[in-house]
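Participant: Following is a predicted model, sequence given first.
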Amino acid sequence: MTNEDRRDDDVEPAQQDAPATQPASGIIETAGAHAPVLEEATPDITDEGGQAELGARRFADFGVEPEICQALAAKGITSPFPIQALTLPVALTGQDIIGQAKTGTGKTLGFGIPLLMDTLGPGEEGWDEDPASGSPQALVVLPTRELAKQVAEELATAAALRTVRITQVYGGRAYEPQIEALERGAEIVVGTPGRIIDLMDRRVLNLEHVTTVVLDEADEMLDLGFLPDVEKILSRTRPDRHTMLFSATMPGAVVTLARRYMTKPTHIRAQDPGDEGMTVKSVQQVVYRTHALNKVEVVSRILQAEGRGRTIIFARTKRTAARVAEDLAARGFATASLHGDLGQGAREQALRAFRNNKVDVLVSTDVAARGIDVDDVTHVINYQCPEDEKIYVHRIGRTGRAGNSGTAVTFVDWDDVPRWRIIAKALGLPIEEPVETYHTSAHLFADLSIPEGVTGRLPKEMRVLAGLDAEEIEDLGETGRSRRADRGERGRGRGGRSSRGSRSGRGRAGRQDPGSAGGTGEAGQDKPRRTRTRTRKRTRGGRPITPPQEQ
């Protein structure tokens, strides 16, 4: 069993207990301040309402190279978000960074732009003479497969006019395509800890030339038990590397990791406009105490609320997520599920169908949902009470993004009331006892603008979406099939080993002809060659970095 197989999956929850209190109203007003969650680090740089001034500046004003600015402008991205504007001036000088901002605030470009500017691709000035040419120069580590894919795609967008090759390495896919991409040469590797270590152990992935390391969603990685893997990965990189750590919260474990593996990091914290605490003020939060046998009936009415668009339903276990998706599909709703028991092809099919509006209801577990980045999610439903306040914040953060408003509904079973009281107290929410609610309760219809007379089934005339089956499921070689299968050759073994894979450990990644460099490593796309002379930035705190002596 591989590292990725053991780690990158959903986990079963643990129970908590707390004393009882008296009932309160079902709607949470978020105007008051909320207590921070496990705050242990004092920011060096904090955005305190300067979003208007930051938003008036453009990427070029921060010294971002023209090719990256042009590539972003082609996608309508011209001005940085607060976390990007605060991070760029520090990161571009080579200083270590701890970036703290909520999920969905644009952290990827905050570390992606400096990472790209410190990386040379085939055919670029100085690439042939660089000892790192053909080997990974930058590494991005993330907790889940979906996040790895999402971040790699965003980096590829910013690097569209560069020859830099970005390779994704994560579980659920066959080893052979990833091994082949590394053998051809990859400047940037984006992946999950388990698969990264598996490829390191196979002697396919060599990190000795990596000068920039990014740990994204660090709090989630530690929550999932990836700390030993992260430490092993960092131990294989240069001691003078440039390290950037990004996390939504700053628990003690993240602070300890930063102190141990970073050099005088600058702590940067960015907040959304008007956001005083951990939860977003633009999200209406509603909490109901519901019976397990009545939840699907309540959900089916919420899904017919006025103005309801894309909706994410969260469950604590894979079994519950699958069952709820099946129940809602039987009631006529365009539904897909996303959880660890699905193959990677099915997981990506569900996400594509959701983003392409072929389904508008996604039922997901917490771990799988880390890669969901869709701005127009109008409703989030916590079908089962979250484990703790951090998970609650991450869940409801799927709605109310990019300045939009949203609605978050949380179901609390009788046994979970103590757990909810702990969450409410930690976040400073003014409700500790959810109001008892059934599908016939009048306040349910009033709170969520549900038309009177709706039933537990979606009327046939409203079933207009194509559904999950309208989105093709991609063959990712999950059973060990490699790209050579199209030529009549097949990989061997459950882990995707082949004769070529067994030879891959003899040397570091091979070079590729500059004229045929691919952009992502997953699908080789032709990139224009750079003609402008460019000097690679190798600095730390403004001083040049001296490469380690060859052994």
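Facilitator: Looks like it arrived, so ask away.

Participant: Q178 is in what secondary structure piece?
Facilitator: Using DSSP states H and E, Q178 sits within helix 175-184.

Participant: For that helix, name the packing helices and strands.
Facilitator: Identification of packing neighbours for helix 175-184 by 3 or more C-beta pairs under 8 Å, 6 or more residues apart in numbering; DSSP states H and E yields strand 166-169, helix 193-201, helix 499-503. Any C-beta I mention is one placed from the backbone N, CA and C, and that applies to glycine too.

Participant: what's the residue lying closest to A315 once chain neighbours are set aside in contact with, if anything?
Facilitator: The shortest distance from A315 to any non-neighbouring residue, by C-beta to C-beta, 6 or more residues apart in numbering, is to A321 (4.2 Å). By C-beta atoms under 8 Å, 6 or more residues apart in numbering, the residues touching A321 are 313, 315, 337-339, 363-365.

Participant: and A321, that's in a strand?
Facilitator: No - applying DSSP: H, G, I helix; E, B strand; the rest coil, one finds A321 to be helix, outside a strand.

Participant: Was I right to think A85 contacts F59?
Facilitator: No - in this structure, A85 is not within contact of F59 by C-beta atoms under 8 Å, at 9.2 Å.

Participant: can you put the helices and strands packed on helix 175-184 in JSON lines and add distance to G99?
Facilitator: Listed next are those as JSON lines, based on distance: least, C-beta to C-beta, whole Å:
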{"stretch": "strand 166-169", "distance to G99": "20"}
{"stretch": "helix 193-201", "distance to G99": "19"}
{"stretch": "helix 499-503", "distance to G99": "36"}
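
Participant: among these, which gets the worst mean confidence?
Facilitator: With a mean of 35, helix 499-503 has the lowest mean pLDDT of those.

Participant: that older thread, tell me the angle of the helix holding Q178 relative to helix 193-201?
Facilitator: With axes from the mean of the first three to the mean of the last three C-alpha atoms, to 10 degrees defining the directions, helix 175-184 sits at 60 degrees from helix 193-201.

Participant: what about the residue most central in space within the chain, which helix or strand?
Facilitator: Closest residue to the average C-alpha location of the chain: L147 at 3.4 Å, with C-alpha atoms, centre = their mean. Assigned by DSSP H and E, L147 falls within helix 145-158.

Participant: How about G456?
Facilitator: G456 belongs to no helix or strand, assigned by DSSP H and E.

Participant: Counting neighbours, what do you get for the closest residue to it other than its chain neighbours?
Facilitator: Spatially, and ignoring its direct neighbours in sequence, G456 is nearest to S300 (4.4 Å; C-beta to C-beta, 6+ apart). S300 sits with 20 neighbouring residues when counted by other C-beta atoms under 10 Å.

Participant: W414 now?
Facilitator: Neighbourhood size, W414 [other C-beta under 10 Å]: 12.

Participant: number of nearby residues for the closest residue to it other than its chain neighbours?
Facilitator: Closest residue in space to W414, ignoring its immediate chain neighbours: R289 at 6.9 Å, by C-beta to C-beta, 6+ apart. Residues lying near R289 (other C-beta under 10 Å) number 20.

Participant: from memory R289 sits against D415, does it?
Facilitator: No - if you go by C-beta under 8 Å, R289 and D415 don't touch, sitting 10.6 Å apart.

Participant: From the contacts of A321, pick the one nearest T399.
Facilitator: I313 (11.9 Å; C-beta to C-beta).

Participant: What helices and strands are in contact with the helix or strand that closest one falls within?
Facilitator: According to DSSP H and E, I313 maps onto strand 310-315. Other helices and strands packing on strand 310-315, by 3+ C-beta pairs under 8 Å, 6+ apart, are helix 318-330, strand 361-365, strand 377-382.

Participant: The helix or strand just after the last one versus strand 377-382: what angle between them?
Facilitator: From strand 377-382 onward toward the C-terminus, using DSSP H and E, the following helix or strand is helix 389-396. Interaxial angle, helix 389-396 versus strand 377-382 (the same axes, to 10 degrees): 140 degrees.

Participant: I am finished for the moment; much appreciated.
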